[in-house]
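In: Output the structure for:
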Amino acid sequence: MPYKRIPGTKDILSEEALLWEEIEALARNIFHLYNYQPIRTPILEDAALFNRSLGQTSEIVQKQMFLIKNEEDSYALRPEATASVVRAYLENNLDKTSGFTKFYYMGPMFRFERPQKGRQRQFHHIGCEAIGSGQATLDVEIIALVDHLLKAFSVSGYTIKINSLGCDKDKTALAEFLRKRLKEKKDGLCEDCLRRLQTNVLRILDCKKAGCREVVNNLDLQEAKICPECKEHFNQVCAGLKDAGIVYEVSPHLVRGLDYYTRTVFEIAHGELGAQDALGAGGRYDTLVKELGGPDIGAIGFAFGVERLLLVQNAQRQTQNAGLVYLITLGEEAKKEGIKILARLRSHNIASDTDYENKTLKGAMRRANDLKAGVVLILGEDELKKNTIVIKNMLSGQQKEVTREALLGELKV
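Out: Numbering: from 1, shown residues only. Purely as a prediction, here's the structure:
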């Protein structure tokens with residue numbers, strides 16, 4: 001019996017992997033436009049890092065971390081990247097040598113969850129972190145970057161929701177307000193939210209179950225006001241987003257489930273994803289750097305789930321691999337010449353491939369079609385004698401015969 005993949009993981013085969021590469025390439029280009037630099041942190045981290053940063057009562061720490069333990073040490077497969085990036089920032093003394101720093105990252109994350117649509121145990125994030133500033137204009141840049149990326153990914157129909165949790169004192173006051181009000185409505189809460197009422201009451205605002213949603217929606221959160229400084233910060237963010245032409249909505253019930261979030265939080269929702277409708281999310285974490293042993297500086301970031309992006313990405317993708325040139329050679333002499341042609345094409349950065357299975361012309365054309373090649377080259381005995389080669393455009397179906405010396409010029413037009 002053949003081995004099978006672990007539940008909650010997925011093989012990303014060639015055709016889909018090309019879509020992943022397209023998304024990653026677009027993201028890199030746009031991050032560079034905003035002067036974000038790449039960072040790659042280990043998949044494996046000290047479990048204590050996440051216990052400290054995410055909070056002992058968070059559901060990730062309580063239920064979802066993949067742990068590796070021996071007699072002395074406890075490691076975790078990273079469930080998210082923010083804590084890892086901050087750890088790298090501090091461990092490598094970037095707070096002293098670089099100060100304000102903007103990173104982007106791409107890679108796998110791991111959470112022990114029930115596998116479902118758009119939610120796997122190994123999933124992938126594209127995200128960024130800007131460390132070293134508390135200015136509201138940075139919040140605006142981050143959310144504008146989110147909007148820019150989604151447009152580049154050809155995703156439409158999303159909603160950017162924003163809110164402010166305020167500072168730590170504001171969050172404590174909000175938690176006390178919620179605990180007082182929700183104790184009066186315990187009968188309407190699910191089992192998980194009854195537990196959250198004691199451990200992490202803010203998470204009740206994020207519950208997707210219908211009964212809990214009804215209870216939460218009937219709360220008047222205007223009573224739990226944030227302090228004047230945090231209110232002014234949020235007003236500046238909203239004004240900046242309007243100036244930047246970013247469409248958003250203020251969602252007073254929006255929270256993030258991790259302890260480190262403060263002030264601005266945001267989420268990108270999409271109806272195609274059902275009840276778990278978040279394409280990505282982020283926010284400020286102005287206390288985390290200090291919490292992990294660094295200076296008292298502000299920071300903000302976000303992450304997209306790549307699997308979720310692919311679920312909602314515009315269905316009208318360009319499926320033709322217009323960049324691939326497929327060479328069909330007919331006969332032994334043509335094969336020998338074909339080696340030279342492929343070497344020449346590749347030395348000029350033209351992606352190319354050929355038939356290695358001795359297929360007939362019909363079979364080789366079928367293979368080129370399966371590979372979604374944009375151009376097919378045909379070289380047979382007649383073409384060898386005339387020092388020519390046939391070029392067929394697979395999109396239009398048109399073909400022509402050119403001299404082999406003219407081939408590069410024709411392909412680069």
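In: which regions of the stretch 51-200 of the chain sit below the pLDDT cut-off?
Out: In the predicted model of the stretch 51-200 of the chain, residues 55-63, 116-118 satisfy pLDDT under 70.
In: What segments of it are strands?
Out: Listed in chain order, the strands of the stretch 51-200 of the chain (DSSP state E, counting those that start in this stretch) span residues 66-69, 74-77, 101-110, 122-131, 158-164.
In: Tell me how many other residues surround residue 303.
Out: Using other C-beta atoms under 10 Å, the number of residues around residue 303 comes to 20. For every residue, glycine as well, the C-beta is placed using N, CA and C.
In: Am I right that it sits in a strand?
Out: Yes: the secondary structure assignment for residue 303 places it in a strand, going by DSSP: H, G, I helix; E, B strand; the rest coil.
In: What's the separation between the nearest residue to residue 192 once chain neighbours are set aside and residue 200?
Out: Of all residues beyond its chain neighbours, the one nearest residue 192 is residue 207 (7.1 Å), with distances taken as C-beta to C-beta, 6 or more residues apart in numbering. For residue 207, the distance to residue 200 (C-beta to C-beta, to the nearest Å) stands at 11 Å.
In: With neighbour numbers in mind, choose between these two.
Out: Ranked by neighbour count (other C-beta under 10 Å), residue 207 and residue 200 place residue 200 first, with 21 against 17.
In: still on that earlier bit, let me know which of the strands of the stretch 51-200 of the chain is tucked in deepest.
Out: Neighbour counts (mean count of other C-beta atoms under 10 Å) averaged over each of the strands of the stretch 51-200 of the chain peak at strand 122-131, with a mean of 23.
In: And for the residue nearest to residue 263 when sequence neighbours are not counted, the neighbour number?
Out: Closest residue in space to residue 263, ignoring its immediate chain neighbours: residue 284 at 4.3 Å, by C-beta to C-beta, 6+ apart. The tally of other residues near residue 284 (other C-beta under 10 Å) stands at 29.
In: cool, residue 33 as well?
Out: Summarising burial for residue 33: neighbours were counted as other C-beta under 10 Å, giving 10.
In: now swap in the one 10 residues further on and tell me
Out: A count of nearby residues for residue 43, using other C-beta under 10 Å, gives 14.
In: can I assume the residue nearest to residue 192 is in contact with residue 216?
Out: Yes: counting by C-beta atoms under 8 Å, residue 207 touches residue 216, with 7.3 Å between them.
In: Tell me how far the nearest residue to residue 106 once chain neighbours are set aside lies from residue 101.
Out: When the adjacent residues along the chain are set aside, residue 106 lies closest to residue 126, with 5.0 Å between them (C-beta to C-beta, 6+ apart). With distances defined as C-beta to C-beta, the gap from residue 126 to residue 101 amounts to 18 Å.
In: got the contact list for residue 7?
Out: For residue 7, the contacting residues are 115, 121, taking C-beta atoms under 8 Å, 6 or more residues apart in numbering as the criterion.
In: Let's see that with 7 Å instead.
Out: If a contact means C-beta atoms under 7 Å, 6 or more residues apart in numbering, then residue 7 has residue 115 as its contacts.
In: how near is it to residue 120?
Out: Distance from residue 7 to residue 120, counting by C-beta to C-beta: 9 Å.
In: cool, residue 407 as well?
Out: For residue 407, the distance to residue 120 under the criterion C-beta to C-beta works out to 45 Å.
In: check contacts around residue 403.
Out: Taking C-beta under 7 Å, 6+ apart as the test, what residue 403 contacts is 387, 388.
In: hey, what's it bridged with?
Out: Partner residues in beta bridges with residue 403, using DSSP bridges, are residue 388.
In: Quick check: the gap between it and residue 346.
Out: Separation of residue 403 from residue 346 (C-beta to C-beta) stands at 20 Å.
In: And for residue 86?
Out: For residue 86, the distance to residue 346 equals 42 Å [C-beta to C-beta].
In: do residue 32 as well
Out: Look at residue 32 and residue 346: by C-beta to C-beta, they are 26 Å apart.
In: One more: residue 122?
Out: For residue 122, the distance to residue 346 - C-beta to C-beta - is 34 Å.
In: helices or strands next to the longest helix along the chain in the packing?
Out: In the chain, ranked by residue count with DSSP state H as the criterion, the top helix is helix 14-33. In terms of contacts (3 or more C-beta pairs under 7 Å, 6 or more residues apart in numbering; DSSP states H and E), helix 14-33 is packed against strand 101-110, helix 136-152, helix 306-312.
In: Next, the buried residues of the second one.
Out: The neighbour-count check on helix 136-152 (16 or more other C-beta atoms under 10 Å) flags 136, 138-147, 149-150 as buried.
In: likewise stretch 171-185?
Out: 171, 173, 174, 177, 178, 181, 182, 185.
In: Residue 24 versus the second one, what's the distance?
Out: Just to be clear, that refers to residue 173. 42 Å.
In: Next: the fourth one.
Out: From residue 177 across to residue 24, the span is 43 Å (C-beta to C-beta).
In: again with residue 343
Out: In terms of C-beta to C-beta, residue 343 sits 28 Å off from residue 24.
In: same deal with residue 298?
Out: Relative to residue 24, residue 298 is positioned 28 Å away (C-beta to C-beta).
In: Which of those two has more residues huddled nearby?
Out: Shown here are residue 298 and residue 24; by other C-beta under 10 Å, residue 298 has more neighbours (21 against 14).
In: Surely that one touches residue 285?
Out: No: with contact taken as C-beta atoms under 7 Å, residue 298 and residue 285 are classed as non-touching, separated by 8.4 Å.
In: Quick check: neighbours shared by the two?
Out: Common contacts of residue 298 and residue 285, defined by C-beta under 7 Å, 6+ apart, are absent altogether.
In: can you tell me which residues contact residue 226?
Out: Residue 226 is in contact with 164, 166, 170, counting by C-beta under 7 Å, 6+ apart.
In: what about the closest residue to the first one other than its chain neighbours, how many neighbours?
Out: What it means is residue 164. Ranked by C-beta to C-beta, 6+ apart and with sequence neighbours excluded, the top spatial neighbour of residue 164 is residue 234, at 3.9 Å. Here the number of neighbours of residue 234 (other C-beta under 10 Å) works out to 21.
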